[in-house]
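*Asks:* Please find the sequence and the predicted model below.
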Amino acid sequence: MSYREEHYFKPGHANYISQSGQQGVDFSNYSSEDLISLWRETLQKGMHGICFSMYEDGQEPGDTITEKQVERRIKILKPYAKWIRSFSCIEGNENIPRIAKKHGMKNLVGAWLGDDMEKNEQEIEGLIQLAKEGCVDIAAVGNEVLYRKDLTEQQLLDYILRVKEALKGMNIPVGYVDAYYEFSHRPSITEVCDVILSNCYPYWEGCNIDYSLNHMQQMFSQAAHAGQGKKVIITETGWPSQGSSLGGAHSTAENAMRYFINAQAWSAKDNVEMFYFSSFDESWKVGAEGDVGAYWGLWDKNENLKF
């Protein structure tokens, strides 16, 4: 995801009240050592889910990833999360749900759709195959396709309906992943989804860390309103630990730890299913997102915990 000017954060624009009254931790009296300790304690408690970072240094989308590499990373993540979110069903990505399932984890499996229709076919068929193998617990047909304007709404609808038909009777919810506000703007997409899969990034809207928890709660609330009673899952949220700043959003280790702690505490108290972005730093993302793109992981690019 990246910056969109029309959704730039304005303090005081709206206010979401958490069901549990969760307003976030007051970090004003925390030393650096205290913050690291709380970050580690929060991580040790475990997460609902985490987004799987596929690529090591020197790798990028289009490269085929081995089962050995996937297995090594799944073993690192297993003690900390119940669910894994994967983004594609080809080029080695199909190994992620198979290996995660083998290790007792649940899978939110995505078919990556874009403007390459031939690859889209491979992705859709791959998702259906993985579902038939019993490796899919939630199916995501596309990720930010409308946000990127890669497909028309009708093209996306056709893909979603095709997957729903193929998975009929398998008790696998089917949805589409996009920025939280797209579900308000696209009622036909929202209606066909079994579950609302919402990406919520206060950072990409230039939000200061002090307002970030409240703003993320507001994003969730907007997606929930659009869903009209359907379950809403936060499929991505996170904060970069270094790189350039964006408006009031500053990319620092301290802010990354603060955001993770507050997001996990709120999601646990309000029973919000959330997939944190991301597991490992990935150098290739610099090209897509600028220098902050490489620093969204809880682990660094060498698979060591950052803090």
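*Replies:* Done, it's in.
*Asks:* and residue 75, how many residues sit next to it?
*Replies:* 11 (other Cβ atoms under 10 Å). Every C-beta, even on glycine, is put in place using the N, C-alpha and C of the backbone.
*Asks:* Excluding chain neighbours, give the residue nearest to it in space.
*Replies:* Nearest residue to residue 75, sequence neighbours excluded (Cβ to Cβ, 6 or more residues apart in numbering): residue 103, at 7.1 Å.
*Asks:* And for residue 62?
*Replies:* residue 91 (6.8 Å).
*Asks:* The residue lying closest to residue 307 once chain neighbours are set aside: neighbouring residues, count only.
*Replies:* The shortest distance from residue 307 to any non-neighbouring residue, by Cβ to Cβ, 6+ apart, is to residue 36 (4.9 Å). Close neighbours of residue 36, defined as other Cβ under 10 Å, add up to 16.
*Asks:* Going along the chain from whichever strand or helix holds residue 76, find the next helix or strand for me.
*Replies:* Assigned by DSSP states H and E, residue 76 belongs to helix 67-77. Next along the chain after helix 67-77, taking DSSP H and E as the criterion, comes strand 81-86.
*Asks:* Does anything pack onto the helix or strand just after that following strand? Which helices or strands?
*Replies:* On the C-terminal side of strand 81-86, the nearest following helix or strand under DSSP H and E is helix 95-102. Helices and strands touching helix 95-102, as assessed by 3 or more Cβ pairs under 8 Å, 6 or more residues apart in numbering; DSSP states H and E, comprise helix 67-77, strand 81-86, strand 106-111.
*Asks:* which of these sits most buried?
*Replies:* strand 106-111 (a mean of 26; mean count of other Cβ atoms under 10 Å).
*Asks:* Only the buried residues of the next helix or strand after it, if you could.
*Replies:* Per DSSP H and E, strand 106-111 leads on to helix 117-132 as the next helix or strand towards the C-terminus. Neighbour counts over helix 117-132 (16 or more other Cβ atoms under 10 Å) mark 119-120, 122-124, 126-128, 130-131 as buried.
*Asks:* quick one, strands of the protein?
*Replies:* 47-51, 81-86, 106-111, 138-143, 174-179, 195-199, 232-236, 275-276 (DSSP state E).
*Asks:* What I need now is these written out in TSV, including distance to residue 244 and mean pLDDT for each item.
*Replies:* Below are the strands of the chain laid out as TSV (distance: least, Cβ to Cβ, whole Å; pLDDT from 0 to 100):
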stretch	distance to residue 244	mean pLDDT
strand 47-51	22	98
strand 81-86	26	98
strand 106-111	28	98
strand 138-143	24	98
strand 174-179	21	98
strand 195-199	21	98
strand 232-236	20	98
strand 275-276	22	98
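*Asks:* what's the residue nearest to residue 62 in contact with, if anything?
*Replies:* Contacts for residue 91 (Cβ atoms under 8 Å, 6 or more residues apart in numbering) come out as 61-65.
*Asks:* make it 7 Å
*Replies:* Neighbour list for residue 91: 62-65 [criterion: Cβ atoms under 7 Å, 6 or more residues apart in numbering].
*Asks:* who wins for neighbours among those residues?
*Replies:* Counting by other Cβ under 10 Å, top hit in the contacts of residue 91: residue 65 with 19 neighbours.
*Asks:* then stretch 113-126 to PDB, C-alphas only?
*Replies:* Only the C-alpha atoms of stretch 113-126 are listed here, as PDB (Å, rounded to 0.1, in the frame of the first residue of the first chain):
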ATOM      1  CA  LEU A 113      -4.700 -10.500  -9.400                       C
ATOM      2  CA  GLY A 114      -3.400  -7.800 -11.700                       C
ATOM      3  CA  ASP A 115      -3.500  -6.800 -15.400                       C
ATOM      4  CA  ASP A 116      -1.800 -10.000 -16.600                       C
ATOM      5  CA  MET A 117      -4.800 -12.100 -17.500                       C
ATOM      6  CA  GLU A 118      -2.700 -15.300 -18.100                       C
ATOM      7  CA  LYS A 119      -1.200 -15.000 -14.600                       C
ATOM      8  CA  ASN A 120      -4.700 -14.300 -13.100                       C
ATOM      9  CA  GLU A 121      -5.800 -17.700 -14.500                       C
ATOM     10  CA  GLN A 122      -2.900 -19.400 -12.900                       C
ATOM     11  CA  GLU A 123      -3.600 -17.700  -9.600                       C
ATOM     12  CA  ILE A 124      -7.300 -18.500  -9.600                       C
ATOM     13  CA  GLU A 125      -6.700 -22.200 -10.500                       C
ATOM     14  CA  GLY A 126      -4.000 -22.300  -7.800                       C
END
